[in-house]
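Asker: Here you go, sequence then predicted model.
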Amino acid sequence: MLRSIISSGLIKRSFSSAKEPAYVVARTSNQSLPVYSEIKNGGTQQLTIIRRIQGDAEALKTEMAALFPDAPKNHIKVNPTNNHIIIKGLYVNELKQWLANKGF
């Protein structure tokens, strides 16, 4: 039954090609990239946050993991509630440049 539905074309395939990413980082109202720094615990915890991610934030996380090859496993996290990516450390300018080079 399922094979006949797929072969008849009733279900469109939603596979993403290598050129088309599974996510989009939308710009803010003043056309800047939504990459922010956050400092917590009296300055002992420095974070970089990427907001306004539409689509698969996990795919963006795996691409960003290549930027930090020596980092521990929990260096980059995805908040599933609001689809934000949280990175330990301050990398605002570097990530803005990287996202701009990717075409966002």
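Answerer: That came in fine, so what should we check first? Numbers count the residues shown, from 1 in each chain.

Asker: so what pLDDT did the residue positioned nearest the centre of the chain get?
Answerer: Closest to where the C-alpha atoms of the chain average out (Cα atoms, centre = their mean) is residue 60, at 3.4 Å. pLDDT for residue 60: 95.

Asker: same deal with residue 6?
Answerer: In this model, residue 6 carries a pLDDT of 38.

Asker: so where's the protein uncertain?
Answerer: The chain contains residues with pLDDT under 70 at 1-19.

Asker: Which residue ranges of it form helices?
Answerer: Counting by DSSP state H, one finds helices in the chain at the ranges 2-8, 57-65, 92-101.

Asker: for those, which one ends up most surrounded?
Answerer: Ranked by average neighbour count under the criterion mean count of other Cβ atoms under 10 Å, the helices of the chain are headed by helix 57-65 at a mean of 16. To be clear about C-beta, it is placed using only N, CA and C from the backbone, and glycine gets the same treatment.

Asker: Alpha carbons only: can I get that helix in PDB?
Answerer: Taking C-alpha atoms only, helix 57-65 is exported to PDB below (Å, rounded to 0.1, in the frame of the first residue of the first chain):
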ATOM      1  CA  ALA A  57      18.800  23.500  14.100                       C
ATOM      2  CA  GLU A  58      20.500  20.100  14.600                       C
ATOM      3  CA  ALA A  59      21.900  20.300  11.100                       C
ATOM      4  CA  LEU A  60      23.300  23.700  11.800                       C
ATOM      5  CA  LYS A  61      24.800  22.400  15.000                       C
ATOM      6  CA  THR A  62      26.600  19.600  13.200                       C
ATOM      7  CA  GLU A  63      28.000  22.000  10.600                       C
ATOM      8  CA  MET A  64      29.200  24.300  13.400                       C
ATOM      9  CA  ALA A  65      30.900  21.400  15.200                       C
END
